[in-house]
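Engineer: Fold the following and give me the result.
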Amino acid sequence: MTLLAGIVVVACGLALIAFTAVVFAKPALAERFLMSFASSTRAHYVEMAFRLLVGTSLVVLSPGMWQTHVFRVIGWAIVISSVALLLMPWQWHHRFGRRVLPTLLRLMRVYAAGVFAFGCLLLYGVFFPGSRGAP
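Structural biologist: Predicted coordinates:
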């Protein structure tokens, strides 16, 4: 289980870093990708499934990661927010996205920098557990 969780977290970190590269190399492609979030019932449920997979993987893997408590809290935050989004109509998620997307797209490079930093932080947390925070 821990191995699978590690694979998911590493894949997520690499995907976040790759997304950053796409933002700078092909911004129109990154914009289309972001616009697809919660654009339909299916997109909403696929997004929630990935969020639950990543959040659960962080919770499972966090005891062996650098800054154990931080990654556990992040994992639980992702799981809880995903469950909350699953319990409400997907149209609410879609409406929220329509309100937020113009700002996100305007600040896409700044957002990408944060996504890059989080991707690197995930990879650091997985591959440098010896520098772990207090248990």
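Engineer: Hmm, Ala5 is touching Leu61, no?
Structural biologist: Yes. The criterion here is C-beta atoms under 8 Å, and Ala5 meets it with Leu61 at 4.2 Å. C-betas here are computed from N, CA, C, even on glycine.
Engineer: who's more crowded, those two?
Structural biologist: Neighbours per residue, other C-beta atoms under 10 Å: of Ala5 and Leu61, the larger number sits with Leu61, 27 against 22.
Engineer: and the more buried one, helix, strand or coil?
Structural biologist: The three-state label given to Leu61 by DSSP: H, G, I helix; E, B strand; the rest coil is helix.
Engineer: And it, how far from Ala84?
Structural biologist: 23 Å (C-beta to C-beta, to the nearest Å).
Engineer: helices and strands around the worst-scoring helix or strand of the chain on mean pLDDT, which ones?
Structural biologist: Across the helices and strands of the chain, mean confidence by mean pLDDT, DSSP states H and E is lowest for helix 90-106: a mean of 93. If you count contacts as 3 or more C-beta pairs under 8 Å, 6 or more residues apart in numbering; DSSP states H and E, helix 90-106 packs onto helix 27-35, helix 41-61.
Engineer: Check those for me and report the most buried one.
Structural biologist: helix 41-61 (a mean of 18; mean count of other C-beta atoms under 10 Å).
Engineer: what does that helix rub up against?
Structural biologist: 1-2, 4-6, 8-9, 12, 36-38, 71-72, 74-79, 81-83, 85-86, 90, 93-94, 126 (C-beta atoms under 8 Å, 6 or more residues apart in numbering).
Engineer: quick revisit: in whichever helix or strand comes after the least confident helix or strand of the chain, which residues are buried?
Structural biologist: Next along the chain after helix 90-106, taking DSSP states H and E as the criterion, comes helix 108-127. Neighbour-count burial for helix 108-127 flags Met108, Tyr111, Ala112, Val115, Phe116, Phe118, Gly119, Leu121, Leu122, Leu123, Gly125, Val126 (criterion: 16 or more other C-beta atoms under 10 Å).
Engineer: could you dump those to JSON lines with distance to Ser57?
Structural biologist: Shown next, in JSON lines, are the buried residues of helix 108-127 (distance: C-beta to C-beta, whole Å):
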{"residue": "Met108", "distance to Ser57": "26"}
{"residue": "Tyr111", "distance to Ser57": "23"}
{"residue": "Ala112", "distance to Ser57": "23"}
{"residue": "Val115", "distance to Ser57": "18"}
{"residue": "Phe116", "distance to Ser57": "20"}
{"residue": "Phe118", "distance to Ser57": "15"}
{"residue": "Gly119", "distance to Ser57": "14"}
{"residue": "Leu121", "distance to Ser57": "15"}
{"residue": "Leu122", "distance to Ser57": "10"}
{"residue": "Leu123", "distance to Ser57": "14"}
{"residue": "Gly125", "distance to Ser57": "12"}
{"residue": "Val126", "distance to Ser57": "10"}
